[in-house]
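In: Pasting a predicted model and its sequence here:
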Amino acid sequence: MAERFDPQAVEAKWQSRWASDGLYRTVWDPSRPKWYAMTMFPYTSGDLHCGHWYAMAPSDTHARYKRMKGYNVLFPIGFDAFGLPAENAAISRGIHPFRWTMDNAQRMRGQLRSMGAMFDWDREVVTCLPEYYQWNQWLFLQFYKRGLAYRAKAPANWCPGCQTVLANEQVMADGTCERCHSVVTKRDLSQWFFRITNYADELLQFDGIEWPERVQAMQTNWIGRSFGVEVSFGLNAPGVAENEVRVFTTRPDTIYGATFMVLAPEHPLLGALTTPERKAEVEAYMEAARRATEIERQSTEREKSGVFTGAYCLNRFTGKPIPIYTADYVLVHYGTGAVMGVPAHDTRDFAFATKYGLPIVTVVAPPGWRGQPLAEAYIESGPMVNSGPFDGVSNADGKERIADHAETTGWGRRRVTYRLRDWLISRQRYWGTPIPIIYCPTCGEQPVPEDQLPVVLPEDAEFKPTGESPLRYHAGFYNTVCPRCGGAATRETDTMDTFVDSSWYQMRYLSPHYSKGPFDPAEADRWHPVDQYTGGAEHATMHLLYARFFHKVLRDLGLVESNEPYVRLFNQGQILGTDGQRMSKSRGNVVAPDDNVARYGADAFRTYLMFLGPWDQGGPFNTEGINGATRWLNRVWTLVSDHWDAGDADGDPVPVRELRRWTHRTIKRVDHDVADFHFNTMLAALMEFTNYLVRPDSQQLRGTAAWREALESLILMTAPSTPHFAEELWTLTGHPYSVHQQAFPSFDPALTVEDEITLVVQVNGKVREKLAVAAGISEDQAKAAALASPKVAAQIDGRQPRQVIYVPGRLVNIVL
RNA sequence: GCCGAGGUGGCGGAAUGGCAGACGCAGUGGACUUAAAAUCCACGGUCCGCAAGGACAUGCGGGUUCGAGUCCCGCCCUCGGCACCA
């Protein structure tokens, strides 16, 4: 046998053998349960970085484990291939985005193969190919038919860096672009939307899926369901047709304290109801709000500002007129874009009223309140006051009673609102799926007939960003004929958000070249939904939300039966640089996986990444830590190559029993740990087992069946995490190819039981003695043994124990 | 401010309410070697002590318990998400 494990030679050899044998080609097999495992596909950046390895290698280990447990595992891979970096690279380097993307994909295929993952390459999808994106277009048309895709003019998030609009989800909390970190501004544009809000309530249900609480919480917050009352305030303004302004409130109990009203600067009625003498001031305010960035608008630090419109509306409950203001702390796209100002019970309204000298009327009494003015808004509960017929009612009851009253009188109605907005999918850029819509001067907006799909992205477009889609300037693309009247017409030139691509790719994997629909229904019925999905939590409110939405639409279209695309989700943490910071070129702390693979081998690198800590926590990369992985693999290698023995002698029963106990206990630990993604403790268990086996007295058992069982189990247990290494050892020990077609070793619970245990003896809760006793010791025997110990006797010092606690198999605690 | 995850040796981390620090990295001493690397053996929380042993130790302060890293209450800090959402 070889002296040392030579990863370069061994890994290359098995990778090519697996590929030529199609070892990981998955075909449907009704005799085994299916397991559809997925790791998030990579963007075609051109380079697989440590983050990809950290996400994918453990995911592969889990998939391999499932395969050894008897499942028919499907573990596909592909490329997220549309998107801005391709265009930016094209602009700066003069390479076509298609070329750049496909070259990158080719390089990344090599890197992915070097990982030794069990990807089924026959199912690869590449989203920038017409055979993929035509089904984005087809799905768009189905959405369109059902009213789930629509065009609307709205103030959209405009990223000056990316020269395109962004979805709400792609604007970060600080008002910058998720991709390029430019400050996002607003632009009024006609844009395409997907009506995700139709599914808001259903997206709040996580029944039947096992997702991390954290992701559920993030999605729940993002959707932001709140229940309240929409109330009408009377309006009688000269020259204004409307006779009411509606507000949304979750605090109808405070309506008697509403002393003013505030409209968002974009509120449609604002211009009309402003009085002539106030016009100039209000218009200046509207204009300033329009120009302000999201950052400026959303800063809560900033002092409240606003302008009086000169108009009044009627608080129907008090019967009193209240002034109407406009202020930018009111958001046009939430609720009705107007709020009632209740300064006594809302901190924002309090600040506003204080600044502009508006009346503050307490309507929910704080404890011990005697009518004095409030120093700050009181937002807790209490009895209602100054509220006409509702005085004395608890405000919790008041909420219901006032809502009832509003509904009976017709002044308002109960309503649910969401923070979630419809998904804006238009992008004014070249490298994406063309939206299949045609504009005809006579027939208007027309969907491209399905038999004319795909609407192919022309290769020869000039794709410099101008703020308009480059397709607008491609005459051959832009000019077309109306599918209805045959007259001259033009195409929609915006392309789709790339998150459309990843919203359903798990279905396309099942039949990537199917031409009669987005996926083959027979394959879909067999494989979907995905049993285990793994990837980063940064996608919680983008990809993972969109994919759930898409799946529900697919279900309503009759294309799938399940309600959710991904049954189980696991979010791995983030691998950081050695300095504990995010890896980035600008910080200079990037660890290149290729270098490590060349130096230590893929298996050692995989081992190190999994051993580093709990997978969901991530952590800093430690350049020296990888030595430990290499050292362990070499120890196993030496152990097996020097001491493998196919003998099946019985051996001395006592040490044999001890060896088998080690073997079976290790199998038990490893099985549990890998099933639960606890790769670090799985490897620790294997290391402990190795340390035990290399002890000279363990090797006395060479030649026994127990010894062979131990080494075979060890090799089999390393197969999921170090696939090449295990394959080589399996072959070298004379076993038939392939180790990856073997069953995971199983343990016999009876063999894991200890004969002898360490009985810990405490006196007043402090450990004073440790005794080796038989595992089956009785309570009385244990207590007697504890009291008999000289050390314990010295501590007791003749006193009478008040209590003696016995924990079976563990300890005796003598309480004095 | 709200929601979520955390805080344990020099470092990464382990521990169904029951021996805190498994496993590993780095370090120290030793073996092998002309030497080094590799490998193997041993030792590594802090303080007192020659030692046996003892005291103190899981962010801070309380509590429950025979017994708390683990459970409860109140704080502090770090990270992630959301944030003028009426």
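Out: That came in fine, so what should we check first?

In: For the rest of this, base every contact and every neighbour count on C-alpha atoms.
Out: OK.

In: can you list contacts of stretch A:604-619?
Out: For stretch A:604-619, the surrounding residues in contact (C-alpha atoms under 8 Å, 6 or more residues apart in numbering) are A:53-54, A:57-58, A:115, A:570-576, A:580, A:596-597, A:621, A:625-626, A:628-630, A:633, A:677-681, A:683-684, A:721-722.

In: can you list the residues of the stretch 651-800 of chain A near RNA strand B?
Out: Residues of the stretch 651-800 of chain A lying near RNA strand B by C-alpha under 7 Å from any atom of the strand: A:680-681, A:683-685, A:687-688, A:691, A:694-695, A:758, A:760, A:764-768, A:770.

In: Out of the contacts of stretch A:604-619, which sit inside strands?
Out: Cross-referencing the contacts of stretch A:604-619 against strands under DSSP state E gives A:570, A:571, A:572, A:575, A:576.

In: Most neighbours among these, which one is it?
Out: Tallying neighbours with other C-alpha atoms under 10 Å puts residue A:575 at the head of the ones in strands among the contacts of stretch A:604-619, with 25 neighbours.

In: List the beta-bridge partners for it.
Out: On the basis of DSSP bridges, residue A:575 is bridged to residue A:619.

In: Test my guess that residue A:643 contacts residue A:702.
Out: Yes: applying C-alpha atoms under 8 Å, one finds residue A:643 in contact with residue A:702, separated by 7.0 Å.

In: Can you pull out the low-pLDDT segments for the stretch 201-350 of chain A?
Out: Under the criterion of pLDDT under 70, the regions of the stretch 201-350 of chain A flagged as low confidence span A:293-301.

In: Helices of that one, residue ranges please.
Out: Counting by DSSP state H, counting those that start in this stretch, the stretch 201-350 of chain A forms helices over residues A:213-223, A:270-273, A:279-291, A:294-298, A:347-356, given from the N-terminal end onward.

In: would you turn the ones you listed into TSV with mean neighbour count?
Out: Formatted as TSV, the entries for these read as follows, by neighbours: other C-alpha atoms under 10 Å:
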stretch	mean neighbour count
helix A:213-223	16
helix A:270-273	19
helix A:279-291	17
helix A:294-298	16
helix A:347-356	18
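
In: Would you format those helices as a markdown table with distance to RNA strand B included?
Out: A markdown table is the format used below for the helices of the stretch 201-350 of chain A (distance: least, C-alpha to the nearest atom of the strand, whole Å):
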| stretch | distance to RNA strand B |
| --- | --- |
| helix A:213-223 | 4 |
| helix A:270-273 | 14 |
| helix A:279-291 | 10 |
| helix A:294-298 | 4 |
| helix A:347-356 | 5 |
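
In: Those: which one's closest to residue A:317?
Out: Evaluated with C-alpha to C-alpha, the helices of the stretch 201-350 of chain A place helix A:347-356 nearest to residue A:317, the distance being 19.0 Å.

In: could you point out which element follows the closest one?
Out: Beyond helix A:347-356 on the C-terminal side, the first helix or strand identified by DSSP states H and E is helix A:395-409.

In: so does that next one get close to RNA strand B?
Out: No: counting by C-alpha under 7 Å from any atom of the strand, RNA strand B has no neighbours in helix A:395-409; the shortest distance is 11.4 Å.

In: Pull the distance from whichever helix or strand comes after that helix to the chain's centre.
Out: Sequence-wise, the next helix or strand downstream of helix A:395-409 (DSSP H and E) is strand A:412-417. Counting by C-alpha atoms, centre = their mean, to the nearest Å, strand A:412-417 is centred 31 Å from the centre of its parent chain.

In: Next, find the distance separating the residue of chain A found nearest RNA strand B from residue A:791.
Out: Closest contact between chain A and RNA strand B, by C-alpha to the nearest atom of the strand, is at residue A:249 (2.6 Å). With distances defined as C-alpha to C-alpha, to the nearest Å, the gap from residue A:249 to residue A:791 amounts to 72 Å.

In: ok, the closest residue to residue A:306 other than its chain neighbours - how many residues close by?
Out: Leaving aside its sequence neighbours, residue A:306 sits nearest to residue A:327 (C-alpha to C-alpha, 6 or more residues apart in numbering; 4.1 Å). Applying other C-alpha under 10 Å, we find 24 other residues in the vicinity of residue A:327.
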